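Asker: predicted model follows, preceded by the sequence.
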Amino acid sequence: AAAGAVAAAVAVVSAAEAAPPPASAQQELLHRIAIAVTTYEAEDMGYMSLRSGDRMCILSAEVAPGGGTDRFENYIYGQRFEGPSHSGNKDSGWFPFDLVNVCDR
């Protein structure tokens with residue numbers, strides 16, 4: 001179990017160092033699907049917790065830089081529609097862009 005936790009921590013650190021896509025590519029993010037690759041606990045109001053496998057529709061064409069107290073460099077706004085955390089509600093909020101894979105619509 002410890003080896004899995006170490007591998008997950010390494011993946012999070014590596015992902016946190018990822019750069020946002022160039023501005024020209026950001027518009028192409030709107031309405032695409034983001035799939036969480038790890039667990040994330042919301043940092044505050046307006047953020048959305050994730051579990052691995054959660055699927056969100058990206059509702060913002062812009063990747064926003066994190067602020068001084070944020071744990072990650074880049075965030076994106078979206079709405080969860082499927083996955084382990086989906087409760088049937090239309091949960092939405094900011095989540096780390098660094099912790100998701102973006103797929104086609």
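Answerer: Structure's in. What do you need?

Asker: does residue 57 touch residue 82 like I think?
Answerer: No - with contact defined as C-beta atoms under 8 Å, residue 57 does not count as touching residue 82 (9.6 Å). (C-beta placed from N, C-alpha, C; glycine too.)

Asker: okay, the two: which has more neighbours?
Answerer: residue 57 (16 against 13; other C-beta atoms under 10 Å).

Asker: how much space between that one and residue 79?
Answerer: In this view, residue 57 and residue 79 are 5 Å apart by C-beta to C-beta, to the nearest Å.

Asker: tell me which element residue 76 is part of?
Answerer: Here residue 76 sits within strand 74-82, counting by DSSP states H and E.

Asker: name every strand pairing with that strand and say which way it goes.
Answerer: Strand 74-82 pairs in its sheet with strand 55-58 (antiparallel), strand 64-65 (antiparallel), strand 92-96 (antiparallel), by DSSP bridges.

Asker: and the ones you listed as JSON lines, adding mean pLDDT and distance to residue 104?
Answerer: Output for those, formatted as JSON lines (pLDDT from 0 to 100; distance: least, C-beta to C-beta, whole Å):
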{"stretch": "strand 55-58", "mean pLDDT": "96", "distance to residue 104": "12"}
{"stretch": "strand 64-65", "mean pLDDT": "94", "distance to residue 104": "22"}
{"stretch": "strand 92-96", "mean pLDDT": "97", "distance to residue 104": "19"}
